[in-house]
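Trainee: compute the structure for the input listed below.
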Amino acid sequence: MEKNEVYDYLAKVYLDKQPSLTARPIEKRRPSSFRKYALFLILPIIALPLLYLFLRHPLRQHTPKGRSLQLDLGNELIKIRYDFTASDLKKEGYAIALADLNARGFKELEFKARRCKDFGVMHLRVALENNFRENAARYVNVDSKWRRYKIKLSDFKEITAWDNLKEISFIIEEWNVADKDDCLYIDELGFTK
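Mentor: You can find the predicted model right below:
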């Protein structure tokens, strides 16, 4: 026995120490050809069916199939009363929460409206907002007779995502009314195709 071997043997017996290994090159195990290409074989087997399912049934929210979607306003008309002569307010309005309404596939916003007084015209601001805080507004002229108003959704150019509408607002601004003390009625609000 050589001297190093004796020391290692005594260290092992008395000190319960493992012998030191001498530095020699470690042989690298080469993977077999199956192991090397297994990932390339298994990955397409898993990915192709998932890709087929995704393309066949894309992930999207449900859009109602009917020709129109009426918003439930309850049994009452929406009434917006304003009096710009007796207050410092410059606008008055009414907002309806839409709770992430999916309006994709619809073409127009439709509602009926009229003023309370018989003379003059009011410019009503109709505004939409989605969950991405994209806001868009359009104006319609409202008189004292019930009329059906249709605004194309494509006219709300600032809104790009129609699948999560958050709110619709009807706003009367002081500088857009002839009579500073009046009211407005809105009914039959909905989206049509």
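
Trainee: so what's the residue count around Lys157?
Mentor: Residues lying near Lys157 (other Cβ atoms under 10 Å) number 9. (Glycine included, C-beta is placed from N, CA and C.)

Trainee: kindly report the same for Ala113.
Mentor: Neighbours around Ala113, by other Cβ under 10 Å: 25.

Trainee: ok, now which ones touch it?
Mentor: 124, 140, 142, 146-147, 149, 184-187 (Cβ atoms under 8 Å, 6 or more residues apart in numbering).

Trainee: nearest to Trp175, of those residues?
Mentor: Of all the contacts of Ala113, Trp175 sits closest to Leu124, with 13.0 Å by Cβ to Cβ.

Trainee: what lines up beside the host helix or strand of the closest one in the sheet?
Mentor: Per DSSP states H and E, Leu124 falls inside strand 122-130. Sheet pairing for strand 122-130, assigned by DSSP bridges, gives strand 135-142 (antiparallel), strand 165-177 (antiparallel).

Trainee: which one of those lies nearest to Arg104?
Mentor: strand 165-177 (9.6 Å).

Trainee: average pLDDT for that closest one, rounded please.
Mentor: The predicted model gives strand 165-177 an average pLDDT of 93.

Trainee: got the domain boundaries for the chain?
Mentor: 3-56, 68-192 (automatic domain parsing).

Trainee: show me how far the last one is from its chain's centre.
Mentor: Think domain 68-192. 22 Å (Cα atoms, centre = their mean, to the nearest Å).

Trainee: after the helix or strand of the chain with the lowest mean pLDDT comes which helix or strand?
Mentor: Least confident helix or strand of the chain, by mean pLDDT, DSSP states H and E, is helix 33-56 with a mean of 70. For helix 33-56, the succeeding helix or strand toward the C-terminus, using DSSP H and E, is strand 68-70.

Trainee: what about Phe119, how many neighbours?
Mentor: For Phe119, the tally of surrounding residues (other Cβ under 10 Å) stands at 10.

Trainee: quick one: it and Lys145 touch, right?
Mentor: No. Applying Cβ atoms under 8 Å, one finds Phe119 not in contact with Lys145, separated by 11.9 Å.

Trainee: in stretch 148-155, what's buried?
Mentor: The neighbour-count check on stretch 148-155 (16 or more other Cβ atoms under 10 Å) flags 149, 151, 153 as buried.

Trainee: how far away is the nearest residue to the second one once chain neighbours are set aside from Ser154?
Mentor: Spatial nearest neighbour of Ile151, chain neighbours left out: Leu109 (4.8 Å); criterion: Cβ to Cβ, 6 or more residues apart in numbering. Here the criterion is Cβ to Cβ, to the nearest Å. By it, Leu109 lies 11 Å from Ser154.
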